Structures are given as structure tokens and as C-alpha cells.
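Q: sequence first, then the predicted structure, then my questions.
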Amino acid sequence: MIRLEHAKKTYSDFQLDCSMEIREGQITALIGANGAGKSTTFKLILGLIRPESGEVAVFGHPVSELTIEERQQIGVVLSDAGFSEYLTIKDLLPILEALYPVFDKERFCNYCERFSLPMDKKIREFSTGMKAKLKVLTAICNRDARLLILDEPTAGLDVMVREEILDLLREFMIPGDRSILISSHISSDLEGLCDDIYLIDHGQIHFHEQTDVLLEQYGILKVTPEQYETLDKEWILKEKEESYGYACLTNQKQYYMENWPQIAVENGSVDQVLMIMAGGR
Ligand SMILES: Nc1ncnc2c1ncn2[C@@H]1O[C@H](COP(=O)(O)OP(=O)(O)OP(=O)(O)O)[C@@H](O)[C@H]1O
């Protein structure tokens, strides 16, 4: 659905060089710290900025060549965009219908009711969670949408609202031929949602793995300096010095559990794995 091949963009003190692929039927996460380059990547994919070199393809061809019909198949939530705060949802409805011929008003109104979004209240009086829900609902109520591009849709939300939004996204995926690209700086947010995870750091993709592979095969070996000396390093991807010795990230935890049964092996949560990938040597 989306392919970036060394897509480059330079700002005065920042350079992005991003390669990634978002496949049909999958939810792909782009995880990175503040300023890592997530929004810049999303803007390249949406054609809001142009790459200096490299390729950005959506639905199989360059972003600049997308037809209006293809653009209408993309639902978008951008972290720095929202609705006029002076409008109510009722005011917004005719605008959304005029802007998007494929806007599903009935579904949108049903969702507003289900998610307790009042029709007559000004958006500036909405809580952060209500505004976030409104943005996601607008993106998924595009009748033709088969690709959602969501930049930090859950930022600043409490657990309940976050889960409600993630449930909405799971429902969106039911037809099977749809895809979502979603970013967050909280990786645990996306662990139960995504099929594929990319980690971006200082404008570069540092790590890419299928979530189930990551959860099944990755682990953190917690070893003393003595144990470290005897360890086969072949399957150690990164290591980090700790007070007790070393935390070693492996993608073959079973091998170490069988051959070094005395070593403590922690299952890799996405957060832990990514922290070592970003900070280890
Ligand atoms: N229009 C711009 N002009 C100059 N620098 C920019 C511009 N847009 C982004 N940057 C810089 O590019 C870098 C990456 O920013 P970006 O917004 O892509 O990060 P991000 O991962 O989305 O961060 P956050 O999680 O804080 O939203 C930052 O250093 C930012 O200052």
C-alpha cells in the first residue's frame, strides 16, 4: 500500500532517510521519540512535502500521481491539525459532507452517539480525549477509506479512551484488504494492535520486525560480567551495561534458554526491546 525507499528530507538540523513498507491487511506502527521524524515521514507519504531524493509510493505509484479517487481512499489524522474550535459537530456535518463526497454521515452520527460526543457543544469545550475521538471518527467515516494514516492519534489520552480508539481501528480492519499506518512515541500503546513495527531514531529506521516474531523470539538476557564472558554472542543484537552486568537483546531467546538455563531471560516487551535497540551498543 505504501513504500518508501530512502526517502530523504533535510531541515537545518535534521535529516530524514526513511525506507519502509506498509502492506495490505496489516497495521504498521512507526515508533520514535519526540523529534525522531514520524510526522516528517507522514507528510512525505501524504505529499505535503516532497522528498529531495528516493521514492515515496502509495497504492503502487508516486504520491504526486495519485488520482482524486485514490486520495479519497486515504483517511488521515495529523497530530498538528484539527477542527475549528468554534464549531460544534452539528456545524461540522455539512462541511464534512461538502468536503468529502464519500463521507458516511449516518455512521459518523452513530459513532458520535456511541462515543458520547455531543452534537451541540463547541469543540473548544471538548476534552483532549473527545477531540482525539472526533479526529479518528472523521478519518474512518470516509466510506471509501482503505488506508488510514494516523499520526499519534492516542497522544495524551487515558487508558480507557485509548482502548476505545484502538477498538475502532480493529473494527476498521475487519474487511481484510485495508491497512493502517499509525505512529506513537509510546510503544506499549501499539503492542496489542500492530502486525509490524518500525522504530525511527534521528531520522533513520533503526529496527523493523513483525510484532509476533518480536514477542515470540526476542528476549533480554540479564547476565553478570562472568556469565557474559561465557555467552555465545552470535545471536546478541545489542547490549547495554547495567548495574548487575549486561542486558543483552537477542532474537533467539529459546537458544539461550536451552543452552544457558542459569541465565535470567525476560520476554521482550516492545518497549524494552526498542529501548535497548535505541540505546545499546
Ligand atoms: N518545517 C520544518 N522546518 C524545520 N525543521 C523541521 C520542520 N518540520 C520538522 N522539523 C524538524 O524535524 C525533526 C523531526 O520532526 P518531526 O515532527 O518529524 O518529529 P516527530 O517524530 O513527529 O516528533 P513528535 O513526536 O514530537 O511529534 C525535528 O527536529 C523538527 O524540529
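A: Everything's here; your move. Residues are numbered from 1 along each chain as shown.
Q: who's in contact with residue 124?
A: 85, 86 (Cβ atoms under 8 Å, 6 or more residues apart in numbering). (Each C-beta comes from the backbone N, C-alpha and C, glycine too.)
Q: just confirm it is within a helix.
A: Yes: the assignment for residue 124 (DSSP: H, G, I helix; E, B strand; the rest coil) places it in a helix.
Q: any idea how far residue 227 is from it?
A: 58 Å (Cβ to Cβ, to the nearest Å).
Q: likewise residue 27?
A: For residue 27 relative to residue 227 (Cβ to Cβ), the value is 38 Å.
Q: those two - which one has more neighbours?
A: Set side by side, residue 27 and residue 227 show more neighbours around residue 27, with 25 against 18, by other Cβ atoms under 10 Å.
Q: is it true that that one touches residue 196?
A: Yes: taking Cβ atoms under 8 Å as the definition, residue 27 is a contact partner of residue 196 at 7.5 Å.
Q: which residue ranges form the helices in the stretch 1-150 of the chain?
A: Using DSSP state H, counting those that start in this stretch, the helices of the stretch 1-150 of the chain run over 38-45, 68-71, 89-99, 105-114, 128-140.
Q: of all the ones you listed, which one is nearest the ligand?
A: Judged by Cβ to the nearest ligand atom, the one of those that comes nearest to the ligand is helix 38-45, at 3.3 Å.
Q: how far does the closest one sit from the chain's center?
A: 12 Å (Cα atoms, centre = their mean, to the nearest Å).
Q: what helices or strands is it leaning on?
A: strand 2-11, strand 14-22, strand 27-31, strand 53-58, strand 179-184 (3 or more Cβ pairs under 8 Å, 6 or more residues apart in numbering; DSSP states H and E).
Q: re earlier: would you turn the helices of the stretch 1-150 of the chain into TSV with mean pLDDT, mean neighbour count and distance to the ligand?
A: Below are the helices of the stretch 1-150 of the chain laid out as TSV (pLDDT from 0 to 100; neighbours: other Cβ atoms under 10 Å; distance: least, Cβ to the nearest ligand atom, whole Å):
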stretch	mean pLDDT	mean neighbour count	distance to the ligand
helix 38-45	94	22	3
helix 68-71	87	12	22
helix 89-99	85	14	25
helix 105-114	90	15	26
helix 128-140	87	20	15
